[in-house]
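**Q** following is a predicted model, sequence given first.
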Amino acid sequence: MTQQRLELVLDDVVDGQPVSPSSMPVGLLNQFHDQVARFLKGAHPDIDLDTLRVSIEPGSYKLVLPAMALVSGLASDLALLRSGNVDDMDVKRAAVIEEWQKTAQRVKTRRYAVHADSAKPVNIHAGSHFERHDNAMWATVEKYIHGQVVDLGGKKPNLHLQLADGTMLKVNTSQDQVLHEKKNLVYRTALLRVRAEEDVATGKLRHVHLIEFVSYTPAFDAQSFEAMVAKGRKAWADVPDASQWVEEQRGAA
């Protein structure tokens with residue numbers, strides 16, 4: 001099975017020379033290597049950077065991680081980044097993205113790229129807008145959410161749920177909740193009851209915590225549906241125009 005590789009690229013022109021493996025200012029080299037290390041590690045103390053191997057390849061200044069699956073939560077965070085959702089990323093990885101964005105806005109020739117194999121690359125430059133926001137009105141809610149579980153577990157247990165619109169949502173769990181789930185839910189659809197903070201204006205969720213996995217076996221019962229339709233027709237049989245009747249009840253007619 002082919003391992004998915006990750007490319008982290010810095011592109012700039014310094015003193016008239018494009019940066020490359022053979023022409024890289026020492027200060028910029030140290031800064032970029034430190035940022036890449038923090039991006040890979042994130043907020044995961046169990047990730048040992050000494051066990052990871054990267055190569056340096058031509059094409060501006062490119063660091064390549066040959067097997068990104070070795071890095072906890074990285075695939076999910078990249079999916080969030082591709083969707084423009086920096087708020088729900090690992091906070092330390094998001095901080096590196098913000099650093100790159102601010103540098104690119106200050107140094108107009110600077111560009112960064114994050115590219116995982118066949119997935120669409122993320123380009124960070126003076127015209128992009130990757131930054132965290134916290135200017136919304138948040139309300140505490142309990143709700144049911146449905147999607148595909150992409151990742152589940154970890155030292156600090158959580159799951160990443162891909163919603164129907166492709167959005168990736170991080171849900172905090174406990175070890176007991178993971179251990180007591182009898183089925184392996186990874187890459188399966190699931191219904192979750194969660195507690196979260198919801199943006200009143202947009203419906204966006206943050207600080208999502210799992211309350212429970214809900215038993216969910218969706219099925220369409222044609223007989224039951226037809227019975228409900230027949231019951232509805234009978235109840236409305238003496239109403240010649242249902243739409244007009246509803247408008248009258250609302251006082252619009």
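**A** Everything's here; your move.
**Q** give me the neighbour count for I124.
**A** 24 (other C-beta atoms under 10 Å). Quick note: C-beta positions are derived from backbone N, CA and C, even for glycine.
**Q** name the nearest residue to it, sequence neighbours excluded.
**A** Using C-beta to C-beta, 6 or more residues apart in numbering and skipping the chain neighbours, the partner closest in space to I124 is Y112 (4.2 Å).
**Q** ok, now which ones touch that neighbour?
**A** Counting by C-beta atoms under 8 Å, 6 or more residues apart in numbering, Y112 touches L8, V9, L10, D11, W100, A104, N123, I124, H125.
**Q** that one: what secondary structure?
**A** Put simply, Y112 is strand when judged by DSSP: H, G, I helix; E, B strand; the rest coil.
**Q** against V86, how distant is it?
**A** 14 Å (C-beta to C-beta, to the nearest Å).
**Q** please look at A67 and R5 and confirm they touch.
**A** Yes: if you go by C-beta atoms under 8 Å, A67 and R5 touch, sitting 7.0 Å apart.
**Q** in terms of neighbours, single out the busier of the two.
**A** Shown here are A67 and R5; by other C-beta under 10 Å, R5 has more neighbours (16 against 13).
**Q** phi, psi of V9?
**A** Backbone torsions of V9, given as degrees, to the nearest 10, read phi -120, psi 140.
**Q** run a quick neighbour tally on K170.
**A** Count around K170 with other C-beta under 10 Å applied: 22.
**Q** give me every residue that touches it.
**A** By C-beta under 8 Å, 6+ apart, the contact set of K170 is S76, L80, D88, N158, L159, H160, L161, V208.
**Q** if I look at the first one, how far off is N85?
**A** Between S76 and N85 the distance is 11 Å, computed by C-beta to C-beta.
**Q** mind listing the shared neighbours of these two?
**A** Joint contacts of S76 and N85 (C-beta under 8 Å, 6+ apart) are M168.
**Q** more neighbours, these two?
**A** Neighbour tally, S76 and N85, criterion other C-beta under 10 Å: the higher count belongs to S76, 22 against 19.
**Q** ok, now how distant is R250 from V239?
**A** Computed as C-beta to C-beta, the R250 to V239 distance reads 15 Å.
**Q** out of those two, which sits in the busier spot?
**A** Neighbours were counted for R250 and for V239 using other C-beta under 10 Å; V239 has more, 11 against 8.
**Q** name the nearest residue to that one, ignoring sequence neighbours.
**A** In space, V239 is closest to W245, 5.1 Å off (C-beta to C-beta, 6+ apart).
**Q** and the residue most central in space within the chain, what is it in contact with?
**A** Note on the chain: the residue nearest the mean C-alpha position is L80, at 2.7 Å, using C-alpha atoms, centre = their mean. Residues near L80 by C-beta under 8 Å, 6+ apart: V86, D88, M89, M168, K170.
**Q** let me have these in JSON lines, adding secondary structure and pLDDT as columns.
**A** Conversion of these to JSON lines gives the following (DSSP: H, G, I helix; E, B strand; the rest coil; pLDDT from 0 to 100):
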{"residue": "V86", "secondary structure": "coil", "pLDDT": "92"}
{"residue": "D88", "secondary structure": "coil", "pLDDT": "87"}
{"residue": "M89", "secondary structure": "coil", "pLDDT": "90"}
{"residue": "M168", "secondary structure": "strand", "pLDDT": "88"}
{"residue": "K170", "secondary structure": "strand", "pLDDT": "91"}
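**Q** fine by me, thanks again.
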